[in-house]
Structure formats: structure tokens, C-alpha cells
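Novice: any chance you can model this:
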Amino acid sequence: MDKLIEDSEILKNLLEEYDNTSVIEIIQKYYPDINFELLEDYYASSDPYLKFSNEELIKLAEHMNYLICKKLDDILIEIKLRNINFDELNPDLINEINELSKFTKIACGQNHTVGISKRGTIVTLGSNLYNQREGSPLGREYIAIACGEDHSVALDKDGYIITWGNNNRQQKKRFSSRRGIYINCMW
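Specialist: Modelled structure (predicted):
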């Protein structure tokens, strides 16, 4: 549940006023159709895209949209990649899916790919063996990316470099770079 709360703007805001139990009760009151077990299963899974059916991905997208979850983009990309019929989704989600399929930058690692969507979000595909997907940054402010063998690097608009994935050579660090926007990875 902690990963879901961390990812959801609605839940984070409610937690500022209420405790965990009250937040779930409040959400269930206003959004009775949200399946918290499905959401918790998604956030607990190391490779959720292999685990969930097409119908479950559609449900996850709807639930994550209600809760304003940052990982919603990952679900929408998976729906698009699987060619799932998403005509019954909320029109806003249909527009999101169509926008997410437009990338400004793409980088490839050994078994994973990272892209920056037209909106500036990081989208990750492929292996998650070293957290190449799960560890990717959230938000919509990225301007450059690069991939190493099993890790990735992103530069946000404020000049911060974020790394995720394999850390066998201490690749994972967060620091500021004001000298330019070109980044590259090795190994």
C-alpha cells in the first residue's frame, strides 16, 4: 500500500489530514468501484505487465486515473502495446494513450528501452530484472535520457540527473548538472 500511496496525488493529499485506515474508507466511499487489492497487487509485483490480463490493465488504468497515480502512463503504454481495445475507457484516458505513443527521445539498454513522451514523462519498456522499469522517475519534466546495459539516466528541466536500474558499478546517483543537456551511458 505504501507504493500506491506514494504514487497517488489523491492519497498523499488525504494522508496529510487522515490516517491510512481513514484514507481507504474515504476513497471507498467516493470511489466504491476501485479495487484496492488489484492496485496493491500491481505495486507489489516485480514485473506486473506479465502478470495482468488485458481486462485487469483496463481496470488498473481507470483506478489509477481516479487516484491521480503517476504510474498511470506505464499502464496506458502497456495497453497501447498490447493493442487492447480501449474504446470504452474514459475519453480523457483515450487521449492520454494516443499522446503517450508520441515520443521525442528513445534510448535502448541491453534488455530495456526508455523514452520521453511528447509530454516529458519517462516511459520504460522491457526487462525489470534490475529495476530498469520499476525504478524509473515520475513526473513530466524530463528533457534527455540515455541507457547503459542495465541502467538508465534522465535529465530533468531543472538540470538534475536521475539514475535507476542496476547499481553494480555505483551508477545510481542524483546530482545537478548545469553544463549542458547531453548525457550518455556505458556498460
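Novice: buried sites along the helix ranked longest in the chain?
Specialist: Identified as the longest helix of the chain according to DSSP state H is helix 54-66. Buried positions in helix 54-66, judged by neighbour count with 16 or more other CB atoms under 10 Å: 56, 57, 58, 59, 60, 61, 62, 63, 64, 65, 66. Where C-beta positions appear, they are placed from N, C-alpha and C, glycine not excepted.
Novice: what of stretch 108-123?
Specialist: So, applying 16+ other CB under 10 Å, buried residues of stretch 108-123: 109, 110, 112, 113, 114, 115, 116, 117, 121, 122, 123.
Novice: reformat the residues you listed as TSV; add distance to residue 18.
Specialist: Formatted as TSV, the buried residues of stretch 108-123 follow (distance: CB to CB, whole Å):
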residue	distance to residue 18
109	41
110	44
112	38
113	40
114	36
115	37
116	36
117	33
121	29
122	31
123	33
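Novice: could you list the domains of the chain?
Specialist: What automatic domain parsing lists as the domains of the chain is 2-99, 102-176.
Novice: same list (those) but as a markdown table, adding mean pLDDT.
Specialist: Formatted as a markdown table, those follow (pLDDT from 0 to 100):
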| stretch | mean pLDDT |
| --- | --- |
| domain 2-99 | 83 |
| domain 102-176 | 84 |
